[in-house]
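>>> From the sequence below, what's the structure:
(one chain, ligands or ions: 1)
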Amino acid sequence: MRSLKREILASGLSALKGNGNIEPHTYEEVETIANDILEKVKCRPQFGIICGSGLGGLGDLVSNKEIIPYADIPGFPVSTVPGHAGKLIFGDLEGKKVVLMQGRAHLYEGYAVQRITLPVRVMKLMGVSVLIVTNAAGGINPEYSVGDIMIIKDHFNVPGFAAVNPLIGPNDERFGPRFPAASGAYDKEFRELAKQKAKELGYDAFVREGVYTCLGGPSYETVTECRFLRLVGVDSTGMSTIPEVLVARHCGMRVLGLSLITNKCIVEHDSKAFANHEEVLETARMRTNHLQALAAAIVKAIKI
Ligand SMILES: O=P(O)(O)O[C@H]1O[C@H](CO)[C@@H](O)[C@H]1O
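Numbers count the residues shown, from 1 in each chain. Okay, the predicted model is just below:
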């Protein structure tokens, strides 16, 4: 095990192996990382939370914090984007044991898709069975406003059209099946619960339910791409989340996804407006308190 750990550390990019082929981390590698983390913390998490751009404030909800920077975890992808602190926070939230990722890594940062999803498998082997994923996204649905929170009911995996899928490569049945279903990935019961909690909190006016997509980024979408996405039934668009959800579902986790609509997508040629990350972070700041309250209420209500 020791030498395996050294190997992961030394390679830094063990998801990229040999002649350009991309291979997933082995079960043993993931197990080594998970056990290593568990040796460092007292918490034994049941819930995993991934915070999107500017949404790391969800970490303030956690008490009895134990914090490990991603940079100290062998093999973990380190976030390089503003609004992604790159810390793993363990602790208590509404009576539940949680591990919260304050920030994520994205495809456009140059990581293999298997590598950006490694933390999800590590969570699984640490005992997590429920994953809450959050992201900042552009509103494609013309009825959406900046600041809306969208409960994700389905996704449209654009990178998957070009064979970018974290489950590509040898399949280890200890994680899950070769051909997992992707329909029903966003747990119906959790979605209903999220809607109910939103109502109780008086958030009806800005909580929606819709379909998320991600492109590879880092460029934001063109006008034609946005119009195309609307035609196929997409409501919000980002550059993350879907790979994590595919891996989570593959290993049997139940998933809830929340998109914060941080900007409206540009659908008019020659528009003077342009998508930008500053607006994304600004909207995230504006909605942090609401998102915190909603996430806390949902975690409290979910029974494991
Ligand atoms: O999906 P999250 O991590 O919330 O971040 C979103 O915000 C960034 C663009 O502003 C991109 O990284 C996009 O994916």
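
>>> Need the three-state assignment for the closest residue to the ligand within the chain.
Across the chain, the shortest distance to the ligand (Cβ to the nearest ligand atom) belongs to G52, at 2.5 Å. No exception for glycine: its C-beta is placed from N, CA and C like everyone else's. Three-state assignment for G52 (DSSP: H, G, I helix; E, B strand; the rest coil): coil.

>>> again with L131
strand.

>>> got the contact list for it?
47-50, 120, 123, 244-245, 248, 253-256 (Cβ atoms under 8 Å, 6 or more residues apart in numbering).

>>> picking up where we left off before, find the nearest non-adjacent residue to the residue of the chain closest to the ligand, please.
Sequence neighbours aside, N135 is the residue nearest to G52 in space, at 3.6 Å (criterion: Cβ to Cβ, 6 or more residues apart in numbering).

>>> May I ask which helix or strand encompasses the one you found?
Using DSSP states H and E, N135 sits within strand 130-139.

>>> Just the contacts of L131: which are in helices?
Of the positions in the contacts of L131, V120, M123, E244, V245, A248 sit in helices, assigned by DSSP state H.

>>> quick one, helices of the stretch 151-300 of the chain?
158-161, 188-200, 223-231, 242-250, 277-301 (DSSP state H, counting those that start in this stretch).

>>> Let me have those helices in a markdown table, adding mean pLDDT as columns.
Formatted as a markdown table, these follow (pLDDT from 0 to 100):
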| stretch | mean pLDDT |
| --- | --- |
| helix 158-161 | 97 |
| helix 188-200 | 98 |
| helix 223-231 | 98 |
| helix 242-250 | 98 |
| helix 277-301 | 96 |
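
>>> which of the ones you listed sits most buried?
helix 242-250 (a mean of 25; mean count of other Cβ atoms under 10 Å).

>>> Can that one be said to contact the ligand?
No - figure legend: helix 242-250 not in contact with the ligand (Cβ under 6 Å from any ligand atom); closest approach 9.8 Å.

>>> Packing partners of that helix?
With contacts taken as 3 or more Cβ pairs under 8 Å, 6 or more residues apart in numbering; DSSP states H and E, helix 242-250 sits against helix 113-116, helix 118-126, strand 130-139, strand 149-157, helix 158-161, strand 207-214, strand 254-264.

>>> quick one: A185 and M253 touch, right?
No - counting by Cβ atoms under 8 Å, A185 does not reach M253; the two are 10.0 Å apart.

>>> Identify whichever of the helices of the stretch 151-300 of the chain lies nearest to D72.
helix 242-250 (21.0 Å; Cβ to Cβ).

>>> what about stretch 66-83, average pLDDT?
What stretch 66-83 shows for mean pLDDT is 94.

>>> Check the offset of that stretch from the chain's centre.
A distance of 14 Å separates the centroid of the chain from that of stretch 66-83, by Cα atoms, centre = their mean, to the nearest Å.

>>> can you check stretch 261-268 too?
With Cα atoms, centre = their mean, you get 21 Å for stretch 261-268.

>>> What lies in contact with that stretch?
Residues from elsewhere that reach stretch 261-268 (Cβ under 8 Å, 6+ apart): 53-54, 136-140, 142, 144-150, 221, 223, 226-227, 229-230, 236-237, 273-276, 279-284.

>>> That one and the ligand in contact?
No - using Cβ under 6 Å from any ligand atom, stretch 261-268 stays clear of the ligand, with a minimum separation of 7.1 Å.

>>> Now the terminal residues of that stretch, how far apart.
19 Å (Cα to Cα, to the nearest Å).

>>> residues from this protein in reach of the ligand?
Within the chain, the residues that sit near the ligand (Cβ under 6 Å from any ligand atom) are 52-53, 81, 104, 106, 135-136, 217, 238-241, 277, 280.

>>> Now, of the residues you listed, which are buried?
Among these, those classed as buried by 16 or more other Cβ atoms under 10 Å are 52-53, 81, 104, 106, 135-136, 217, 238-241, 277, 280.

>>> Please name the residues that touch the residue nearest to G52.
G52, S53, L55, Y212, G238, S240, T241, G257, L258, S259, L260.

>>> ok, back up a step: need the helices of the stretch 151-300 of the chain in CSV with distance to A112, can you?
Converted to CSV, the helices of the stretch 151-300 of the chain look like this (distance: least, Cβ to Cβ, whole Å):
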stretch, distance to A112
helix 158-161, 12
helix 188-200, 29
helix 223-231, 24
helix 242-250, 10
helix 277-301, 23
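
>>> closest one to R174 among those?
It is, among the helices of the stretch 151-300 of the chain and with distance given as Cβ to Cβ, helix 242-250, at 11.1 Å.

>>> Apart from its neighbours in sequence, what residue is nearest V30?
According to Cβ to Cβ, 6+ apart, the nearest residue to V30 is R121 (4.7 Å).

>>> Based on its surroundings, how many neighbours for the one you found?
28 (other Cβ atoms under 10 Å).
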